[in-house]
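J.: coordinates only, sequence not included:
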Ligand SMILES: [Ca+2]
């Protein structure tokens, strides 16, 4: 009698569960921050260039906000809409915090990669869509963990 072998199902493709989890913050968020997936966020209204905004975040031990999934997108876009401002996010070809780019929310026709838009840093419009723009434009920015230069319209 021949051994009966059943064909194995094909291996499952990699799933999101195999992606590294974001680093957890062990301390609770400072006051006036909002906790979102173990990160603390504020929307900073003071206009800065992308580099200045990133530097301000690094000074406080973080990076410009990265949008790693639709939950982040919904949360950050909601806050930007409340703040009535366009805001830099941490994308400049790659996320400044090192995350791989596997989620995007470009507006229609974006990214345009216009030569006039310089090094193509990414801002989020009030409607939540993304636009690559000149890095030397000054925008508010969505920042995890920034303490200074804040106004009341925070996340
Ligand atoms: Ca653009």
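T.: Thanks, I have the structure now. Because the structure is a prediction, the values reported are computed rather than measured.
J.: Near the ion, which residues of the protein? Just list them.
T.: 110, 112, 131, 132 (CB under 5 Å from the ion). Using the backbone N, CA and C atoms, a C-beta is placed for each residue, glycine as well.
J.: so where's the longest helix in the protein?
T.: Once the chain is assigned using DSSP state H, the helix that runs over the most residues is helix 70-83.
J.: list the buried ones in that one?
T.: Buried residues in helix 70-83, counting neighbours by 16 or more other CB atoms under 10 Å, are found at 72, 73, 75, 76, 77, 79, 80, 83.
J.: lowest average confidence, helix or strand, in this structure?
T.: In the chain, the helix or strand scored least confidently by mean pLDDT, DSSP states H and E is strand 34-36, which has a mean of 71.
J.: That strand pairs with which strands?
T.: Within its sheet, and counting by DSSP bridges, strand 34-36 is paired with strand 39-48 (antiparallel).
J.: Just the buried residues of the partner strand, please?
T.: 39, 40, 41, 42, 43, 44, 45, 47, 48.
J.: Over to stretch 60-67?
T.: By neighbour count on 16+ other CB under 10 Å, the buried set for stretch 60-67 is 62, 63, 64, 65, 66, 67.
J.: doesn't residue 57 make contact with the second one?
T.: Yes: using CB atoms under 8 Å, residue 63 is in contact with residue 57, at 5.2 Å.
J.: Would you check how far apart the residue of the chain found nearest the ion and residue 101 are?
T.: The nearest approach of the chain to the ion comes at residue 112, 3.7 Å away (CB to the ion). Residue 112 sits 17 Å away from residue 101, going by CB to CB, to the nearest Å.
J.: can you redo the buried residues of helix 70-83 as CSV with pLDDT?
T.: Below are the buried residues of helix 70-83 laid out as CSV (pLDDT from 0 to 100):
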residue, pLDDT
72, 83
73, 90
75, 84
76, 86
77, 88
79, 82
80, 84
83, 79
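J.: which residues of this structure fall in helices?
T.: Remark: helices assigned in the chain by DSSP H are 50-59, 70-83.
J.: Point out the other helices and strands that the longest one packs with.
T.: So the one you mean is helix 70-83. If contacts are counted by 3 or more CB pairs under 8 Å, 6 or more residues apart in numbering; DSSP states H and E, helix 70-83 sits against strand 34-36, strand 39-48, strand 121-124, strand 139-144.
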